[in-house]
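**Q** take a look and give me a structure for this.
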Amino acid sequence: MKKFNVVAASAVALSAALASGSALAHGTLAVGTANYNAAAIAADPAPTVITVPWNGVGPAGVFGAYTVTNISNVVTTSLEVNSRFTVTLPAGFSFNSAPSLVVGGAAPATSVAPLFSGGIGSQTATFIINPPNAQIPPNPNPPPLPAGTILSLNQVAVQGATALATPGTSLPITVQATANSQTNNDDLTPVSANLGTPAFTSDAGVTATFTGGGGFIDLATPTLGTKFGVAPPDTTTLSIGVVQLSSSGSLSADGVSHGLNSTDTATLSISGFFNGITSASATNGASVVTVTPSAGALTFAAVPVGSGSNNITLLANGTTLLQANPAGFKVAFTPSAAVTDFLGGSATDSTDSITYTNGQVLGPFNFLTGADAGYTSLVRINNAGNATATLFGVAEPYTGGPALVGQIGTIGAGIGTVFTEAQVGTALGLSLANSGQRATLTIIATGGASGGPVGNANVAASTFLVNPGGVVDNVN
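**A** Residues are numbered from 1 along each chain as shown. Predicted coordinates:
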């Protein structure tokens, strides 16, 4: 019976140890992440070799430190003389210079942990704890390293770091205390950093913002949606925001912060709707890059990004209905040839929106189809207001691609009418071959006096399908 009690007590003690440590692992590892510039790593003449600025060398907070801790209030641990302490790098990495440790914390001042095996050319480095023959002055009976001892990794060169040339890489290191005569002094499994903190990461080298622009398109008389209503009088120019690229502060291969060069340039591609825009400019100090937009994109080549920011300005032709961009704009950027300070990326700012004002936006209507077999679709418009409205259509084609924009016609106060699919197609350049092809249509009603919420027009719209033999003879 006593033997059974002893076994039970041992099991309880083991359970308590496992609960307070991880499989009797008595040490904790803290790392400060060394974050590298993926572009700089990829472009370095020796791209597999990096400097790891551990132990206070280089950017603050980059460190690797293992602290000896007791498993519980009952089980006291230490690192015994001649025991081993192993550091393991990520898969594919190996040491390119001799690694070393600083022994501090609660350790006696003469404590040392010289390299025992591994190191240069190896993924691992194993250190021996306080060997008698390494003491200065010699000490044939050096003490073990008690709880509270801190083993810190010194700066080291590492090779095989090609994974860091890919932004978003996240890699750990592990450490393990072994070869102690007392089992409770060993880490029975490798110890990872608290909360899974990575030892190595990489990023694109830049942070990007697109902020501070946007405005309105004035649908009221006399401009009828052809100019921007940012301030009276309406204008043909509008800033849609400022694109700014800044260094992320990540590290070069040599372990120091990598910045942008003042001569760095990039291609900026801005997606949005640009119907009615005759040109666009990216202005950065004395540099002005002007381009002609397509219906859905602005592309600026060789724009300076290494110094200052780029203000993106649109110039309307003043005669064509402008398209709203209620969801804002997105900029994609790629470094110009020979620029190795950053990789491509994108930035979005939904606050840089352009919306319609002083008019009506009706729809979208999802049932405008082509005509065949006696079927046809119509657009019904009714103006219950006291001012003539000018009607524009914006269609998303069945085949995809940029939206099609055009003026459908006008409608007087108190008037109702219908437009056929063919009339809408001619006005917008929309082609629907048959009733199996469908387009999404939005009606823009402009007119009335500037400043009124709908410009004194009160327009309603709908689409419907006429069956074979059907007749529409009146709209109220």
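
**Q** can you list the weak-confidence ranges in the stretch 201-350 of the chain?
**A** Within the stretch 201-350 of the chain, not a single segment meets pLDDT under 70.

**Q** show me where it has its helices.
**A** With DSSP state H, counting those that start in this stretch, there are no helices along the stretch 201-350 of the chain.

**Q** likewise the stretch 351-476 of the chain?
**A** Under DSSP H, counting those that start in this stretch, the stretch 351-476 of the chain gives helices at 421-428.

**Q** pLDDT below threshold where in it?
**A** Looking at the stretch 351-476 of the chain by pLDDT under 70, you get 448-457, 469-476.

**Q** how much space separates the closest residue to Ser257 other than its chain neighbours from Ala327?
**A** Take Ser257 and drop its neighbours on the chain: the residue closest to it by C-beta to C-beta, 6 or more residues apart in numbering is Gly249, 5.4 Å away. For every residue, glycine as well, the C-beta is placed using N, CA and C. Gly249 is 31 Å from Ala327, where distance means C-beta to C-beta, to the nearest Å.

**Q** what's the answer for Asn55, then?
**A** 48 Å.

**Q** show me which of these two is the more surrounded one.
**A** Asn55 (19 against 13; other C-beta atoms under 10 Å).

**Q** show me what contacts the more buried one?
**A** Phe63, Gly64, Val102, Ser152, Leu153, Asn154, Gln155 (C-beta atoms under 8 Å, 6 or more residues apart in numbering).

**Q** dig out what the nearest residue to Leu378 once chain neighbours are set aside forms beta bridges with.
**A** Spatial nearest neighbour of Leu378, excluding adjacent residues (C-beta to C-beta, 6+ apart): Val418 at 4.7 Å. Note on Val418: beta-bridge partners Arg380, judged by DSSP bridges.

**Q** isn't Val418 up against Val379?
**A** Yes - using C-beta atoms under 8 Å, Val418 is in contact with Val379, at 6.5 Å.

**Q** who's more crowded, the two?
**A** Legend: neighbour count by other C-beta under 10 Å for Val418 and Val379, higher for Val379 (24 against 18).

**Q** how close does the spatially closest residue to that one that is not a sequence neighbour sit to Gly436?
**A** In this structure, Val379 finds its nearest non-sequential neighbour in Phe419, 4.6 Å apart by C-beta to C-beta, 6+ apart. Distance, Phe419 to Gly436, using C-beta to C-beta: 21 Å.

**Q** again with Gln155
**A** 69 Å.

**Q** who has more neighbours, those two?
**A** Remark: of Gln155 and Gly436, Gln155 carries more neighbours, 17 against 10, as counted by other C-beta under 10 Å.

**Q** mind checking pLDDT for the more buried one?
**A** Per-residue confidence (pLDDT) for Gln155: 94.

**Q** so it sits against Gly255, correct?
**A** Yes - if you go by C-beta under 8 Å, Gln155 and Gly255 touch, sitting 7.2 Å apart.

**Q** please name the residues that touch the nearest residue to Asp44 once chain neighbours are set aside.
**A** For Asp44, ignoring the flanking residues on the chain, the nearest one in space by C-beta to C-beta, 6+ apart is Ala253 at 4.2 Å. Shown in contact with Ala253 (C-beta under 8 Å, 6+ apart): Tyr36, Ala40, Ile41, Asp44, Ala46, Pro47, Val49, Ile50, Thr51.

**Q** check Ser281 too.
**A** Val288, Val289, Thr290, Val291, Ile312, Thr313, Leu315.

**Q** break the chain down into its domains, please.
**A** Domain segmentation of the chain under automatic domain parsing yields 2-203, 206-355, 358-466.

**Q** and Ile128, how far is that from Leu432?
**A** 81 Å.

**Q** between the two, which one's more packed in?
**A** Shown here are Ile128 and Leu432; by other C-beta under 10 Å, Leu432 has more neighbours (23 against 19).

**Q** quick one, what contacts the nearest residue to the more buried one once chain neighbours are set aside?
**A** Once flanking residues are discounted, Leu432 sits nearest to Gly370: 3.2 Å by C-beta to C-beta, 6+ apart. Shown in contact with Gly370 (C-beta under 8 Å, 6+ apart): Glu421, Leu432, Ala433, Asn434, Ser435, Gly436, Gln437.

**Q** buried residues in stretch 208-228?
**A** For stretch 208-228, the neighbour count (16 or more other C-beta atoms under 10 Å) marks 208-210, 212-221, 223-228 as buried.

**Q** what about Ile411, how many neighbours?
**A** Neighbour count for Ile411, taken as other C-beta under 10 Å: 23.

**Q** and Ala332, by the same measure?
**A** 18.

**Q** if I look at it, how far off is Thr267?
**A** Applying C-beta to C-beta to Ala332 and Thr267 gives a distance of 9 Å.

**Q** again with Val242
**A** 17 Å.

**Q** cool, Thr178 as well?
**A** Taken as C-beta to C-beta, the span from Thr178 to Thr267 is 54 Å.

**Q** kindly report the same for Gly214.
**A** Separation of Gly214 from Thr267 (C-beta to C-beta): 23 Å.

**Q** packing partners for the helix or strand encompassing Ala40?
**A** Assigned by DSSP states H and E, Ala40 belongs to helix 38-43. Counting by 3 or more C-beta pairs under 8 Å, 6 or more residues apart in numbering; DSSP states H and E, the packing neighbours recorded for helix 38-43 are strand 200-203.

**Q** residues in contact with Ala52?
**A** If you look again at residue 52, you'll see it is Val, not Ala. So Val52 contacts Ala34, Val62, Leu153, Gln155, Val156, Ala157, Val158, Phe200, Gly255 (C-beta under 8 Å, 6+ apart).
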